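Student: The following comprises the amino acid sequence and a computationally predicted model.
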Amino acid sequence: MNYSFVVPGDPQGKARPRIIRRGDRTYSYTPEKTREYEQSVRAACADAAPDICAGAVAVRIVAHMPIPESWSTVKKGRALAQMIRPVVKPDLDNIAKAILDGMNGVAWEDDKQVISLRVDKTYSAVPRVVVEVWEVKE
């Protein structure tokens, strides 16, 4: 089972859980922006995933970051030619966490099944995240 899908829009990282204290009780919740992004990942994955995988999987994630509007045409060209790489937020690990958590229950039962993961950031004129998934035969 091999497939890929695209999550349109600016890549987003998973935000830290928020804490609320009410009296002697403490509650934790995921911020709404993160929940919405994970839902868009889930929807894109559901359209592409043939079935839920029960075994080991490998994943490749490429985050295509937007090029800043303030850059010169020359600098934008260098970014598109991969001569300049994005060292901007969101962090690579937070992008991966948002994507993998969004795929839980659609591509696999739990992201603990991911045994190999490659994540890259690059600049693009069309911001998006491209995800490739393949089953690892043991």
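Tutor: Yep, that arrived.

Student: least trustworthy helix or strand in this protein by mean pLDDT?
Tutor: Across the helices and strands of the chain, mean confidence by mean pLDDT, DSSP states H and E is lowest for strand 25-29: a mean of 84.

Student: Tell me the spacing between the closest residue to Pro127 other than its chain neighbours and Tyr37.
Tutor: Distances taken as CB to CB, 6 or more residues apart in numbering put Pro66 closest to Pro127, at 4.2 Å, once the chain neighbours are dropped. From N, CA and C alone the C-beta is placed, and that goes for glycine too. To Tyr37, Pro66 is 15 Å away according to CB to CB, to the nearest Å.

Student: Now do Cys53: how many residues are near it, please.
Tutor: Counted by other CB atoms under 10 Å, the residues lying close to Cys53 total 17.

Student: do the same with the one 5 residues further on
Tutor: Burial of Ala58 is recorded as 15 neighbouring residues (other CB under 10 Å).

Student: quick one, phi psi at it?
Tutor: Per-residue torsions, Ala58: phi -120, psi 150 (degrees, to the nearest 10).

Student: follow-up on the earlier one: who has more neighbours out of Pro66 and Tyr37?
Tutor: Tyr37 (24 against 17).

Student: Great, nothing more from me.
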